[in-house]
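> what would the 3D arrangement of this be:
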Amino acid sequence: MALIVVIATLAMGERAMAMRCGNKLVLRGDHQAKILRFCGDPTHMLQRAIYRSGPTRQFTRRDAGERHAVDKRDNEILISTRSVIEVLIEEWTYNLGPRKLMRVVRFENGIVTGVRHLGYGYRE
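The predicted structure is shown next:
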């Protein structure tokens, strides 16, 4: 009995990262075009942009007073800049009917990053 509970728990955790459309499986890392082909248009779509801190870029600049001293490394200044990356977030909601749970597929820049389950769907 304990083995059945463990297997069911593992299966539920795995299902949270996937969604089945007919006999096709949508997984983390899939592209939006694949989801549209397999599942069709979503019932609802939410779109927003977030900003994440990107990689640090370092470069050196010579001190203005020693512009012509090419061989003198003591006058170099190390400058670090931090970039900001815009990430497009989309959440597509699929209503699979009153006997199945609705699903929300989350995309970041067009790639599936997760699937959430909502309550039971409804008749359209």
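> residue 97 - nearest residue in space that isn't next to it in sequence?
Nearest residue to residue 97, sequence neighbours excluded (CB to CB, 6 or more residues apart in numbering): residue 121, at 4.9 Å. Yep, even glycine has a C-beta here, placed from its N, CA and C like the rest.
> that neighbour and residue 100 touch, don't they?
Yes. In terms of CB atoms under 8 Å, residue 121 counts as a neighbour of residue 100; the distance is 5.8 Å.
> who has more neighbours out of these two?
For residue 121 and residue 100, the more surrounded residue by other CB atoms under 10 Å is residue 121, and the numbers stand at 18 against 13.
> quick one: that one from residue 48, how far?
Per CB to CB, to the nearest Å, residue 121 is found 24 Å from residue 48.
> likewise residue 18?
Distance, residue 18 to residue 48, using CB to CB: 24 Å.
> list of residues touching stretch 99-112?
19, 26-32, 35, 42-43, 87-96, 113-121 (CB atoms under 8 Å, 6 or more residues apart in numbering).
> in that stretch, what's buried?
102-107, 112 (16 or more other CB atoms under 10 Å).
> what residue ranges in the protein score low on pLDDT?
For the chain, applying pLDDT under 70 flags the ranges 1-17, 58-78.
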